[in-house]
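[1] sharing a model that was predicted from the sequence below.
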Amino acid sequence: MTSFTAFTTLPGPGPAEALATAMEAMDPAPAGIGCFEIEDGSGLWEVQGYFTAAPDAAQLALLSAGFGARAFAVSELPETDWVAHVQRELAPVEAGRFFLYGSHDAPRVPAGPGRIALLIEASMAFGTGHHGTTRGCLIALDRLAASGFRPARIIDVGCGTAVLAMAAARVWPAAAPVLASDIDPVAIEVAAANLAANRLDGAVRCIVATGLDHPETVAAAPFDLAFANILAAPLVALAPAMGRHLAPGGRVILSGLLCEQADAVLQAYRASGFTPESRDNLGEWATLTLVRGQ
């Protein structure tokens, strides 16, 4: 199937993240959106959308003008089995006790107690474990578990492939079913497939939801542990709701933010009743573990 890519550049993470969010409302909608800093010292960020049908030129022109970006460059991609290509390129990931692998690497799964292997196939949803943000969240989760923390109610906001929800369900099987939410229905489909592949269907409940605004989320609160591995701007916007939905003494693990964005995110969560417990920097990405005040 022929696919298309449309990319542009603009200065600053805030406008880039806002543009990436606005692209989700396009018709046809992009199958995937990337947003990252160009590492050349220019301060420019690239926003890129992947489409299974030719993107609407008028919509792209309005978006680029509205957010102060350069005109989108649209390219037609050759027909390629991208999943097979990615599977060949992705090696297993180790983060603390966790071993994340694709089915093509099943023979490399380590044996023995104390290791947790999770099968995560390459897909359209974010979260194979190779990105520093996902690894940072897994390392933070592992640290919490080693400290004796025992959450009973857990939520993974913006779950993508549900790797964090599955990791939590494996570490704390006595907890209530982990709630995993994502704004993207495709991500929820991918998450459900991963749950089945790892025999965790009953341990994680997946829902399509925006942030913490969903009846099941409200009914399940307050949570003892929450993950939110998204982007800095949505994390800041989510802070007041996190403050309302976390139990006193509960933890929230945040990532998807660059190291230079961590202080701004932390400030927003301090204002909502959280204090910092730990921080992990993996390359340019930061992961924050915060505690909800009493």
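    Here it is on my side, so go on. Residues are numbered from 1 along each chain as shown.
[2] ok, residues contacting the helix or strand hosting residue 291?
    Taking DSSP states H and E as the definition, residue 291 sits inside strand 285-292. The contact list for strand 285-292 (Cβ atoms under 8 Å, 6 or more residues apart in numbering) reads 131-133, 136-137, 139-140, 143-144, 243, 246-259, 261-262, 265-266, 269, 273-281. The C-beta positions use only the backbone N, C-alpha and C, and glycine is treated the same way.
[3] direction included, what does it pair against?
    Using DSSP bridges, the strands paired with strand 285-292 are strand 246-258 (antiparallel), strand 274-282 (antiparallel).
[4] low pLDDT regions in the stretch 51-200 of the chain?
    By pLDDT under 70, the low-scoring segments of the stretch 51-200 of the chain are 78-91, 104-107, 112, 121-131.
[5] show me where it has strands.
    73-77, 93-95, 98-101, 116-119, 154-157, 178-182 (DSSP state E, counting those that start in this stretch).
[6] can you put the ones you listed in JSON lines and add distance to residue 32?
    JSON lines is the format used below for those (distance: least, Cβ to Cβ, whole Å):
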{"stretch": "strand 73-77", "distance to residue 32": "12"}
{"stretch": "strand 93-95", "distance to residue 32": "20"}
{"stretch": "strand 98-101", "distance to residue 32": "20"}
{"stretch": "strand 116-119", "distance to residue 32": "21"}
{"stretch": "strand 154-157", "distance to residue 32": "19"}
{"stretch": "strand 178-182", "distance to residue 32": "13"}
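[7] can I get those in a markdown table with distance to residue 210 and mean neighbour count?
    A markdown table is the format used below for these (distance: least, Cβ to Cβ, whole Å; neighbours: other Cβ atoms under 10 Å):
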| stretch | distance to residue 210 | mean neighbour count |
| --- | --- | --- |
| strand 73-77 | 29 | 12 |
| strand 93-95 | 28 | 18 |
| strand 98-101 | 27 | 23 |
| strand 116-119 | 26 | 19 |
| strand 154-157 | 10 | 29 |
| strand 178-182 | 8 | 28 |
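[8] the ones you listed: which one's closest to residue 14?
    strand 154-157 (20.5 Å; Cβ to Cβ).
[9] any idea how far residue 30 lies from residue 251?
    According to Cβ to Cβ, to the nearest Å, residue 30 stands 33 Å off from residue 251.
[10] those two: who's more crowded?
    Legend: neighbour count by other Cβ atoms under 10 Å for residue 30 and residue 251, higher for residue 251 (24 against 19).
[11] and the residue lying closest to that one once chain neighbours are set aside, how many neighbours?
    Leaving aside its chain neighbours, residue 251 sits nearest to residue 225 (5.2 Å; criterion: Cβ to Cβ, 6 or more residues apart in numbering). Residue 225: 26 surrounding residues under other Cβ under 10 Å.
[12] how long is stretch 50-57 end to end?
    Taking Cα to Cα, to the nearest Å, stretch 50-57 runs 14 Å from one end to the other.
[13] show residues contacting it.
    With Cβ under 8 Å, 6+ apart, stretch 50-57 has contacts from 1, 3-6, 26-28, 30-34, 49, 72, 74, 76.
[14] which of the residues you listed count as buried?
    Buried subset of those (neighbour count, 16 or more other Cβ atoms under 10 Å): 3-6, 26, 30, 32-33, 49, 72.
[15] quick one: which of those is nearest to residue 109?
    Distances from residue 109 to the buried ones among the contacts of stretch 50-57, taken by Cβ to Cβ, are shortest for residue 32, at 27.9 Å.
[16] the residue nearest to residue 251 and residue 140, how far apart?
    10 Å.
[17] which residues do the two both contact?
    In contact with both residue 225 and residue 140: residue 253, using Cβ under 8 Å, 6+ apart.
[18] returning to what we had before: what about the residue nearest to residue 251, helix or strand, and which?
    Residue 225 belongs to strand 223-229, assigned by DSSP H and E.
[19] list the buried residues for stretch 158-174?
    Those would be 158-172, for stretch 158-174 by 16+ other Cβ under 10 Å.
[20] so which of those are in helices?
    163-171 (DSSP state H).
[21] columns distance to residue 239 on top of those residues, output as a markdown table?
    Shown next, in a markdown table, are those (distance: Cβ to Cβ, whole Å):
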| residue | distance to residue 239 |
| --- | --- |
| 163 | 23 |
| 164 | 19 |
| 165 | 21 |
| 166 | 26 |
| 167 | 24 |
| 168 | 21 |
| 169 | 26 |
| 170 | 28 |
| 171 | 26 |
